[in-house]
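[1] this one's structure only:
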């Protein structure tokens with residue numbers, strides 16, 4: 001039994017390592033990259049919907065805010081999925097928890113069509129995680145960060161776990 005458990009554990013670790021290898025490195029140089037694991041599967045913006053870029057960062061220097069918007073046209077076979085998040089009062093080194101409701105001390109996160117879930121950023125379902133702003137550089141127009149979040153909602157087929165998130169954008 002021990003040998004069987006060890007083999008099963010190694011296969012899960014190998015699979016996770018393979019998915020992690022698909023993610024871009026964590027940088028703060030304006031590399032224009034985004035990636036995370038969603039329930040252990042690499043999510044990287046891809047495709048074009050004919051209107052908007054698949055990865056965009058919109059800063060609001062008036063309140064040190066940021067909105068990160070992404071979509072992937074092939075993450076769920078043929079269905080456009082999206083992941084978006086943001087917050088205010090951010091600066092390099094700040095960490096904001098994701099919350100059910102946005103306020104100046106929290107960040108918000110929404111998903112679309114992941115695990116049959118559609119959860120807008122203003123939905124009041126359970127979210128636990130963080131947005132860490134590693135670089136908020138308005139003069140050089142570089143915005144970088146890391147994030148993780150667990151989402152539980154009655155409308156979803158399963159818990160959504162977003163891990164190893166990173167983004168780095170130069171505008």
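    Thanks, I have it. Keep in mind that what you see is a predicted model, and the values were worked out from it rather than measured.
[2] may I ask which helix or strand of the chain has the lowest mean pLDDT?
    Least confident helix or strand, the chain: helix 2-21 with a mean of 69, by mean pLDDT, DSSP states H and E.
[3] ok, and what's touching whichever helix or strand comes after it?
    Proceeding N to C from helix 2-21, the next assigned helix or strand is strand 33-38, under DSSP states H and E. Strand 33-38 is contacted from outside by 16, 19-20, 22-25, 27, 42-45, 55, 68, 70, 75, 83, 114, 147, 160-169, using C-beta atoms under 8 Å, 6 or more residues apart in numbering. (C-beta placed from N, C-alpha, C; glycine too.)
[4] go on, stretch 152-159?
    39, 115-119, 123, 125-126, 150-151, 160.
[5] with neighbour count and distance to residue 87 added, can I get the residues you listed in a markdown table?
    Below are these laid out as a markdown table (neighbours: other C-beta atoms under 10 Å; distance: C-beta to C-beta, whole Å):
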| residue | neighbour count | distance to residue 87 |
| --- | --- | --- |
| 39 | 13 | 23 |
| 115 | 19 | 24 |
| 116 | 10 | 27 |
| 117 | 21 | 21 |
| 118 | 15 | 21 |
| 119 | 20 | 17 |
| 123 | 18 | 16 |
| 125 | 16 | 17 |
| 126 | 13 | 18 |
| 150 | 14 | 17 |
| 151 | 23 | 16 |
| 160 | 22 | 19 |
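[6] coming back round to it: list only buried entries from the contacts of strand 33-38.
    19, 23, 27, 42-45, 55, 68, 70, 75, 83, 114, 147, 160-169 (16 or more other C-beta atoms under 10 Å).
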